[in-house]
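1. Below are the sequence and a predicted model; questions follow.
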Amino acid sequence: MREAKILQRIKSGDPSGLGALMDIYIPYVSVIVWNILRESMAPEDAEEVVSDVFLAAWNQSSNLKVGHVKGWLGAVARNKAKNKLRQIGQTIPLEESVLDIPSLDDPTVDIERVEEQQRVRQALDSLPSEDREVFLRHYYYAQSIKEISVSMALNESTIKTKLRKGRMKLKEILTKEG
């Protein structure tokens, strides 16, 4: 079934549309949720987060647009998984793979890229934890300033300031190190 038809069914309240959406995207959403939650909680809790993502798709079907469903589901999955971590008092670590760059066949390029990844990781780690979280949410998880503001209970202007200061600090560190 085509995405447009699935969305049409969901928006008209037809549960078969949600079933079709789940058939297509459950593996994708599950990977996102599992990568964030890892071993932080029981599998049943992770499955509940996956279900919550599709419940959000059903309840907010007006936000779903043809060609953008996968991105929307991915963003909702990341947000819901991170919120679940916060509920149990855990923070989101900077994963080793966050800044992975596909390797080429040239080993010297691989070494340079690994060194570059390490410099960027170290630069990010030098930011205060709240600033780092804001920075990662915006630039890695593609959350809007408004979304970050709501989920972290910070003023939007504070978020913008943290992003600007973070960019300046990263630029300073990375240009100094080469």
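-> Looks like it came in fine. Quick caveat: nothing in here was measured; it's all calculated off a predicted structure.
2. Go ahead and produce CSV holding the CA coordinates of stretch 142-154.
-> In CSV, the C-alpha atoms belonging to stretch 142-154 read as follows (Å, rounded to 0.1, in the frame of the first residue of the first chain):
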residue,chain,number,x,y,z
ALA,A,142,17.3,17.5,14.8
GLN,A,143,15.0,18.9,17.4
SER,A,144,13.7,22.4,17.0
ILE,A,145,14.4,25.0,19.6
LYS,A,146,10.8,24.9,20.7
GLU,A,147,10.9,21.1,21.2
ILE,A,148,14.1,21.4,23.2
SER,A,149,12.6,24.3,25.3
VAL,A,150,9.6,22.2,26.2
SER,A,151,11.4,19.0,26.9
MET,A,152,14.2,20.6,29.0
ALA,A,153,12.0,23.3,30.6
LEU,A,154,14.3,26.1,29.4
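3. Show me what the mean pLDDT comes to for it.
-> With pLDDT averaged residue by residue, stretch 142-154 scores 85.
4. now swap in stretch 86-94 and tell me
-> Rounded mean pLDDT across stretch 86-94 is 65.
5. roughly how far apart are residue 79 and residue 14?
-> Distance, residue 79 to residue 14, by CB to CB, to the nearest Å: 26 Å. C-beta coordinates here come from the backbone N, C-alpha and C atoms, glycine included.
6. One more: residue 175?
-> Counting by CB to CB, the gap from residue 175 to residue 14 is 55 Å.
7. How about residue 20?
-> Using CB to CB, we find residue 20 at a distance of 10 Å from residue 14.
8. same check, this time on residue 44
-> When distance is defined by CB to CB, residue 44 is 28 Å away from residue 14.
9. The two: who's more crowded?
-> Between residue 44 and residue 14, counting by other CB atoms under 10 Å, residue 14 is the more crowded of the two (13 against 7).
10. Can you read off the pLDDT for that one?
-> We have a pLDDT of 92 for residue 14.
11. Which residue is the nearest non-sequential neighbour of the residue nearest the centre of the chain?
-> Most central in the chain under CA atoms, centre = their mean is residue 141, positioned 3.4 Å from the mean C-alpha point. The shortest distance from residue 141 to any non-neighbouring residue, by CB to CB, 6 or more residues apart in numbering, is to residue 78 (5.2 Å).
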